[in-house]
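S.K.: build the 3D model from these lines:
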Amino acid sequence: MIRRIVGMLLGAALLLVAGTCSAADMRFVDAQGYTGYYVDASSVTYESTAACNATIAVIKADRNRMFRYTMHFDRGKGVYQIYASEVLAYDTKTVLSSGGAENYTHPYSGFSPMKTIVDFIYDELPHGELPAPAE
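M.R.: Numbers count the residues shown, from 1 in each chain. Model (predicted):
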């Protein structure tokens, strides 16, 4: 019963994310409890087989919040960097706060949602031939 409710909440969240990002192509990646992870497929730019940029959304359905990030991922080093962020109330699409670029990278582990997002970007989204990483 609880899983069904969580699924309905995350489904509603996806609809609201799609409405918030009118030109976005939000793709569901994964969920943990009341938190859903999405990638805007139309925002992904690939630098190489190891580095890309993308807009992601983290929706906390139980808190009526969407956290939208423009990020750089370095798959080879297992790190990400936030270029921009916004916190929104996803039911009203009101931006509650926003932030700029961070000057540092964050590592992610093999079991983190960020790794799942990066794997989704490279393994599930079409991207054609990618250049090798710069040495």
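S.K.: surely residue 58 meets residue 34?
M.R.: No - the pair residue 58 / residue 34 is not scored as a contact, 11.1 Å apart, by C-beta atoms under 8 Å. Placement of C-beta: from N, CA and C, glycine included.
S.K.: gap between residue 129 and residue 45?
M.R.: 15 Å (C-beta to C-beta, to the nearest Å).
S.K.: go on, residue 85?
M.R.: 18 Å.
S.K.: tell me which element the residue nearest the centre of the chain is part of?
M.R.: Among the residues of the chain, the one closest to the centroid is residue 56, at 2.2 Å (C-alpha atoms, centre = their mean). Using DSSP states H and E, residue 56 sits in strand 51-60.
S.K.: and that strand, what does it pack onto?
M.R.: With contacts taken as 3 or more C-beta pairs under 8 Å, 6 or more residues apart in numbering; DSSP states H and E, strand 51-60 sits against helix 2-20, strand 35-40, strand 45-46, strand 65-74, helix 113-124.
S.K.: how about the residue found closest to residue 120 once you drop the neighbours it is linked to in the chain, what does it touch?
M.R.: Spatial nearest neighbour of residue 120, chain neighbours left out: residue 29 (4.6 Å); criterion: C-beta to C-beta, 6 or more residues apart in numbering. Contacts for residue 29 were tallied using C-beta atoms under 8 Å, 6 or more residues apart in numbering; they are 37, 38, 39, 113, 116, 117, 120.
S.K.: mind running it again at 6 Å?
M.R.: With contacts defined as C-beta atoms under 6 Å, 6 or more residues apart in numbering, residue 29 is in contact with 37, 39, 116, 117, 120.
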